[in-house]
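J.: With the sequence up front, the predicted model follows.
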Amino acid sequence: MKPRKVMIIGTGNVGASAAYALLNQQIGEELILVDINQARLEGQRKDLADAAAYMPSRVTVSSRSAADCADVDIAVITVSGGSLKPGQTRLDELDATAGIVGQIVPQMMAGGFNGIFLIATNPCDIITYQVWKLSGLPRHRVLGTGVWLDTTRLRRLLAEQLDIAPQSIDAFIVGEHGDSQFPVWSHCAVYGMPLEEFSRGKNGQTLDFAALAERTRKTGFDIYAQKGCTEYGVAGTIAEICRNLLTGSHRALTVSCVLDGEYGQRGLAIGVPAVMSQDGVAQIIELDFTPQERRQFETSAAVIEQHIRRLAVKHH
């Protein structure tokens, strides 16, 4: 069997934590690290190689340039144009990050990259669309971590309130990985029982849906304010998506996908439920939204589109 290779571009907090998560969960046989900061790159490589020595099966940790990527199965982009300042949102990271991505992706395509791009860099949906445009790859081979972390946060918060494991809860967020995301309450259930009904039966009262949506949306910013970065949650997200891609699980995750008519949208990437396969996105699931949810989705799409246009203007 040929070794499965995951390349991580950017070895800051997110990239290094993602590499560590992939290593610990034994996802893939070779981890390839890429960074323009050579000293940091070598330090991370050696540190991760030490950790790999404790693993039950063999995982190689290597470093190379981004252009040396023809044999890579999944390339994870975690580069960042710098830290957020207080009061900034993920959208404020766009210009610096887009500049870095604009250099790396053409180098990789020239180097013969023919795998799947997974974008974890913020603003995730806009950079996912940018990578798709720059790469010329079919849209099913370019996806972003999107709202899968937000979805997992929502399930965790619901699990705490309902005293049931998050795996038993079918609830998810769609839209932008940012302020305009929203939970699709009309499709949320515990083993087919609507959330409201389950919560009433259990606690004798219904959940505060608005507060849950707000807490989910704010969790990332709270972590950022408290510790100066978010790393482990997004690292877990990257590991989970990579595992589902490499094994061709056909599990549906809410990730950032380039739409071409789904949900009446094209010319953008946005978080929607999608089926994972070894070739990328096998299918985008189109949910039947309530009128209010459809409005929320359209608002979210409009935010992303506006920034994609801003980027296009800047780069021409």
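T.: Thanks, I have it.

J.: now do the same end-to-end measure for stretch 181-201.
T.: 29 Å (Cα to Cα, to the nearest Å).

J.: quick check: mean pLDDT across that stretch?
T.: Mean per-residue pLDDT for stretch 181-201: 93.

J.: Kindly report the same for stretch 12-21.
T.: 96.

J.: What lies in contact with that stretch?
T.: 8-9, 11, 31, 33, 35, 40, 44, 48, 51, 61, 76, 78-80, 120, 229-232, 234-236, 238-239 (Cβ atoms under 8 Å, 6 or more residues apart in numbering). (C-beta placed from N, C-alpha, C; glycine too.)

J.: can you do 6 Å?
T.: 8, 31, 44, 48, 78, 229, 231-232, 234-236, 238-239 (Cβ atoms under 6 Å, 6 or more residues apart in numbering).

J.: centre of the chain versus that stretch, how much separation?
T.: Relative to its parent chain, stretch 12-21 has a centroid offset of 13 Å by Cα atoms, centre = their mean, to the nearest Å.

J.: Dump it to PDB, restricted to CA.
T.: Listed next in PDB are the C-alpha coordinates belonging to stretch 12-21 (Å, rounded to 0.1, in the frame of the first residue of the first chain):
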ATOM      1  CA  GLY A  12       2.600  28.000  13.600                       C
ATOM      2  CA  ASN A  13       0.200  27.100  16.400                       C
ATOM      3  CA  VAL A  14      -2.400  25.700  14.100                       C
ATOM      4  CA  GLY A  15      -0.100  23.900  11.700                       C
ATOM      5  CA  ALA A  16       2.000  22.300  14.500                       C
ATOM      6  CA  SER A  17      -1.100  21.300  16.600                       C
ATOM      7  CA  ALA A  18      -2.700  19.800  13.500                       C
ATOM      8  CA  ALA A  19       0.500  17.800  12.800                       C
ATOM      9  CA  TYR A  20       0.500  16.600  16.400                       C
ATOM     10  CA  ALA A  21      -3.200  15.600  16.200                       C
END
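
J.: domain ranges for this structure?
T.: As given by the TED database, the domain ranges for the chain are 5-144, 147-314.

J.: hey, which of these is tucked in deepest?
T.: domain 5-144 (a mean of 20; mean count of other Cβ atoms under 10 Å).

J.: Can you give me the end-to-end span of it?
T.: Termini of domain 5-144 sit 18 Å apart (Cα to Cα).

J.: could I get the contacts of stretch 12-21 as a markdown table with pLDDT and distance to His187?
T.: Shown next, in a markdown table, are these (pLDDT from 0 to 100; distance: Cβ to Cβ, whole Å):
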| residue | pLDDT | distance to His187 |
| --- | --- | --- |
| Ile8 | 98 | 33 |
| Leu31 | 98 | 36 |
| Gln44 | 97 | 40 |
| Leu48 | 97 | 39 |
| Thr78 | 96 | 30 |
| Cys229 | 87 | 32 |
| Glu231 | 94 | 30 |
| Tyr232 | 96 | 28 |
| Val234 | 96 | 25 |
| Ala235 | 97 | 28 |
| Gly236 | 97 | 24 |
| Ile238 | 98 | 25 |
| Ala239 | 98 | 26 |
